[in-house]
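Peer 1: What shape does this take:
(chains A and B)
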Amino acid sequence: MEKFIWIIPVLPIFGFIITFFFGKKFPKAASVFTTVILGACVLLSMMSIFIVNSGGPFEITKNWYVTGKYSIAMGFAADGLTAMMLNVVSIVSFLVHLYSIGYMHNDSRFWMFFLYLQLFSASMFGLVLSNNYLQLYIFWELVGLCSYLLIGFWYEKKSAADAAKKAFLTTKIGDAGMLIGIFLLFFNTGSAVFKDVFNFAAGPEVSQGLITASAILLFCGAIGKSAQFPLHIWLPDAMEGPTPVSALIHAATMVAAGVYLVGRSFPLFSLSATAMQVVAVVGAFTAIFAATIAITQNDIKKVLAYSTISQLGYMMFALGMGAYVAGMFHLLTHAFFKALLFLGSGSVIHATGTQDIREMGGLFKKMKVTAITFIIGTLALAGFPLTAGFFSKDYILGFAYAQNKYIFFIIGIITAFFTAFYMFRVIFVVFFGNPKKDGIHAHESPKVMTIPLIILAVLSVVPGYFGAWFISERFSIDKFISFFGFEGQEPLHIIPMVIAVLVGLLGILIAFILYFGKPITNKKISKWIYPLYKLLHNKYYIDEIYGFIIIKPLMKLAEFINTFDRVVVDGFVNFIGKLTVIFSRAVDIFDIKAVDGVVNKVADVTYLSGKKLRLLQTGNTSSYLAIMFGAVAIFVIYLLIKVIFIR
Amino acid sequence: MGFNILSILVFLPILGLIITIALPKSAAGKAKIVALVFTILTVIIASYIWFAFDKTNGSMQFVEKYNWIQGVNIYYHLGIDGISLPIVFLTCVLSVLGVLVSWNIDNKPKAFFALLLLLQTGMLGVFVSLDFILFYIFWELVLLPMYFLIGIWGSSRRLYASIKFFIYTLFGSVLMLVGILIIFFKSGINSFDMLELTKNSIAPNTQNWIFLLMFMGFAIKVPMFPLHTWLPDAHTEAPTAGSVLLAGILLKMGAYGFIRISIPILPYASKSWAPAISILAVIGIIYGALACLVQKDVKRLIAFSSVSHMGFVMLGIASLNPTAITGSVLQMFNHGCITGMLFLIIGMIYDRTHTRQISELGGLANKMPFFAGMLAFASFASLGLPGLSGFWGEFLILFGTFKNHTTFYQVMVYIAVFGIVLGAAYLLWMLQRVIFGEYKGQVQEFRKVSAVDIITLIPLIIIIIFIGVYPSGMVNIIAGSVSKLIGM
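Peer 2: Residues are numbered from 1 along each chain as shown, chains lettered A, B, ... in the order given. Prediction:
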């Protein structure tokens, strides 16, 4: 079986090819077919857990290009972390496929949606199975392509096309740094295979500067992909994509790839205190920064988008503190409950036809399954006791507390408070109170959409127990994904847990007081808080700042280059051309007046003598030239024929 | 081999040319069929050469060497190795596509296809010549048909563009000829044979001067910043087939000259000029990409993107690192396919919308989904998406240059990587304005996608995906000859 791990990414490629050729003719069949393929991937991914558990990690590598001491290898590897990621990707992707059969059924490019989803799933599997940085980079770019195609799926809307481009370009900036980081590692190690790189980095003669530089450069890629500050700006816009895409790509899997990259490279990062510090600070800042923006957003998907950014920041700062398992564990739990929240919001949007929470209300009674599952997802996100989010968030906060990293602990606590507050703000406004204009005819979504919600609701609780302090070693996620050998479960830290639960409840309470059964309008926000509200609502004006300090100058520079090219560079060429023409005219005049004058005098003399020699010359100059060229041409052709045919 | 297959390959188009010219006036419409048959024959022969080529052997194969002009040791000397093989093959493929995309030409079809065939002979000759004089003859032979193709079948500013193209490149090649003659006299070998001349004994100082002369010939052809301004005009005005061959093959002649002539024959000068060339190359990458951002004509945009992409090729060559040069040769091939494809698609779109102005296009994804999809595909290939061929060339160039171990080259790579980001920016922005949003053009009724359109694009799609997924076959063929060439 180990040899056949490559089947997991190949299956969706197969689905992609089949859908590419037959999808347009048989859209319905294609959607079912691709869903079944992902179902098969789920089974295989689950099997990979048992294989890794019993046989340990394994690897298949093949060299494809060797140059000097550098070999470029391609291969697949699976260990506990890979197996975990495979399951996250396959399960969420499968459920999103299923859900989309219902959600997208009216779309004119229904089949294309599944086509892209297949390509995405294949690339994402390839990404987590890669055993080296180069291959990881290849799939990293491919998931970026899928993200582009799916964000811009409704490209008739300018905002969607804009968002797609923005997403691709913003992440590409991070990727440029990442590529250089890969070069540095590859160049110094002589191989890009994870194992070799980590062995090399742990060696005695490696300079600290090299490790720090390459780790931070790799992290640039993660900043882009996982939408960390300052490259977070693309993710909220990416919500222009169809909601199932937001759930799969922009909440559960692709955006988590940045966290995965740092987790996968943890043996490298942990060698550099500076790099770890950078990861932790960027993550912590992003976590609280995005959470404050989420409070003021009125678009349900935007709230979730900022929440995703914030939670990814949570994972990053966990990793940066050294809490590798905690960070990856939070990735696992977050993937399911955030996918649930997005699919739930999709169900709400499907029913009401709007994304603005101010136009919703009282939906609890009309769509019970959606409402209950959405609340379960929200509780998990808010870290409510006994949900999956509770265990993973507690793991991170407990670690920060136990390691005396109080600043991170406090930031984590404040973020947790905001998280509970803004999520319950959504809950109270959307599901309770009185129905607004669009919500009156709302009804529950079809089964094909609600079943994924129910499954995800279960997954928003159950996986958390694998990381709980009381779990037995056999089922412990610590043991399963750890790199450095298992050192026992993280113990229970009572104080941080109690604080975290209390601030969570406080956030819910304040949201209840402010929003339960009441409309949200700007008037309610008193005057002194308004500037702050405006700042947050406008996302700290980051987009505007970038427009002003980067995009505008860049376009100005481009305009300048273009003018420079036309006027100066090309102008010089044309000037030389004109000069030549003027010069030749001058020569011409000189020729007629001076040179020809002399020549004519000479000619006159010659003419007289020439008269007598005339008989020898029969034609004019041009006919001489013609005969000469003709002779040469015949000679050349003769030679060619001789060369080709006569040997 | 009992017969001279390279000569047959090179001169087969001339036979087609003679038949084309011999066609009676009433059968002028048949010219395209003759051209198609002969270009397809060259593809068959090129494929045969590809399969018969000994891939484990990096040296010259299918060599033909005959005395030509004995007194001065000029030989008729042809040969092909892993560096020229991909480009020779591509020349044949693009020539077929050039014929196909010109299927509806009705202005002087006989002359058009005759010139196209003549052009093919010239291009093939350049890449298989191993004698300087022969090389120079083919090099100049290429100029003539391209001049007429632009000047007669071009767009509105065709006369200006064609004369500029002709004189600019002629200027370069005359300097190159002077360089060739100096090599001949100073080499101490008294030969025009490119392979023998690698064993010359030219003094380092003299090499530097010769290099500069050769540089003018090659750099104008590439074209390198700041000698590039003929390119946007020529590209924009040329008929589609002309643009395709110009971008696909003609630009590669310059880069090929550096690899085949400058580096092996003037090794000392190559080393001393390399930093200057890398700086120009990197300026070209950024400069070309920035200029792309503000172009209003799609064809002009792609022309400037060639300046940027050929900058990568030149950076790889100037790094003098075998991996990077291998990447450069691969990138030459890839750029030929990808940019060729871009020009083909833009030509097809222009045939329907009668405009190339970005502001007058838009919404093509709904109006002509096939061409929009193809344009997106080619653009992603062009911006170096992994899984498509463009990625590997850029990767090997950057990685090889990075390996050069000096801070200077590493800084070059950092800047070039920024060029990749800009590349994504101008291509995606172009895509957004051309295929997304709403259609703003005048023409409303479009001719449907024809079988010829699809057949024209399919070979390139296959090549781009194949090399993207399985680059090692091609890379190994190239690398074998590169390591032999620069003696590593």
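
Peer 1: what residue is smack in the middle of the chain?
Peer 2: The chain I'm using is chain A. For chain A, A:Lys225 is the residue whose C-alpha lies nearest the centre (C-alpha atoms, centre = their mean; 3.9 Å).

Peer 1: Just the element for the residue nearest to that one when sequence neighbours are not counted, please.
Peer 2: If the residues on either side of it in the chain are set aside, A:Lys225 comes closest to A:Gly258, at 3.9 Å by C-beta to C-beta, 6 or more residues apart in numbering or on different chains. (Glycine included, C-beta is placed from N, CA and C.) Take DSSP states H and E as the rule and A:Gly258 turns out to sit in helix A:257-264.

Peer 1: go on, A:Leu340?
Peer 2: For A:Leu340, the enclosing helix or strand under DSSP H and E is helix A:324-352.

Peer 1: hmm, who's touching the helix holding A:Gly258?
Peer 2: By C-beta atoms under 8 Å, 6 or more residues apart in numbering or on different chains, the residues outside helix A:257-264 that reach it are A:81, A:85, A:124, A:127-128, A:136, A:140, A:143, A:194, A:218-219, A:221-228, A:269, A:279, A:312, A:315-316, A:319, A:324, A:327-328, A:331.

Peer 1: Let me see the mean pLDDT of stretch B:265-281.
Peer 2: Here the mean pLDDT over stretch B:265-281 is 91, rounded to a whole number.

Peer 1: Give me the distance from that stretch to the chain's centre.
Peer 2: Mean C-alpha position of stretch B:265-281 versus that of the full chain (C-alpha atoms, centre = their mean, to the nearest Å) differs by 21 Å.

Peer 1: Need the CA coordinates for it. CSV is fine.
Peer 2: Output of stretch B:265-281 as CSV, limited to C-alpha atoms (Å, rounded to 0.1, in the frame of the first residue of the first chain):
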residue,chain,number,x,y,z
ILE,B,265,35.3,30.9,-29.2
LEU,B,266,35.8,33.9,-27.0
PRO,B,267,35.9,32.3,-23.5
TYR,B,268,38.1,35.0,-21.9
ALA,B,269,36.0,37.9,-23.2
SER,B,270,32.8,36.1,-22.2
LYS,B,271,34.0,36.0,-18.7
SER,B,272,35.0,39.6,-18.6
TRP,B,273,31.8,40.9,-20.2
ALA,B,274,29.5,38.6,-18.3
PRO,B,275,28.7,40.9,-15.5
ALA,B,276,27.8,43.7,-17.9
ILE,B,277,25.6,41.5,-19.9
SER,B,278,23.8,40.2,-16.7
ILE,B,279,23.1,43.7,-15.7
LEU,B,280,21.6,44.6,-19.1
ALA,B,281,19.7,41.3,-18.9
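
Peer 1: what about that stretch, near chain A?
Peer 2: No: no part of stretch B:265-281 sits close enough to chain A to count as contact by C-beta under 8 Å from any C-beta of the partner chain; the gap is at least 12.6 Å.

Peer 1: Tell me which residues of that stretch come out buried.
Peer 2: For stretch B:265-281, the buried set under the neighbour-count rule, 16 or more other C-beta atoms under 10 Å in any protein chain shown, comprises B:265-267, B:269-270, B:273-274, B:277-281.

Peer 1: From the residues you listed, which land in helices?
Peer 2: Among the buried residues of stretch B:265-281, the subset assigned to helices under DSSP state H consists of B:265, B:267, B:269-270, B:273-274, B:277-281.

Peer 1: Of those, which is the nearest to chain A?
Peer 2: B:Leu280 (12.6 Å; C-beta to the nearest C-beta).

Peer 1: list the contacts for the closest one?
Peer 2: B:Leu280 makes contact with B:219, B:224-226, B:314 under the criterion C-beta under 8 Å, 6+ apart.

Peer 1: distance between the one helix or strand A:Ile223 maps to and the chain's centre?
Peer 2: When secondary structure is defined by DSSP H and E, A:Ile223 falls within helix A:208-225. Chain-centre distance of helix A:208-225: 16 Å, with C-alpha atoms, centre = their mean.

Peer 1: rewinding a little: not counting the helix or strand that the helix holding A:Leu340 is followed by itself, show me its contacts.
Peer 2: Proceeding C-terminally, helix A:324-352 gives way to helix A:363-366 as the next helix or strand, assigned by DSSP H and E. Helix A:363-366 is touched from outside by A:348, A:351-352, A:370-371, A:430-432, A:435, A:439, A:442-444, with contacts defined as C-beta under 8 Å, 6+ apart.

Peer 1: can you pull out the helices in the stretch 501-647 of chain A?
Peer 2: With DSSP state H, counting those that start in this stretch, the ranges of helices along the stretch 501-647 of chain A come out as A:530-537, A:542-546, A:552-564, A:570-590, A:596-613, A:621-645.

Peer 1: again with the stretch 301-450 of chain B
Peer 2: Taking DSSP H, counting those that start in this stretch to define them, one finds helices in the stretch 301-450 of chain B at B:322-353, B:364-367, B:369-382, B:389-402, B:407-435.

Peer 1: By mean pLDDT, show me the worst of these.
Peer 2: helix B:364-367 (a mean of 84).
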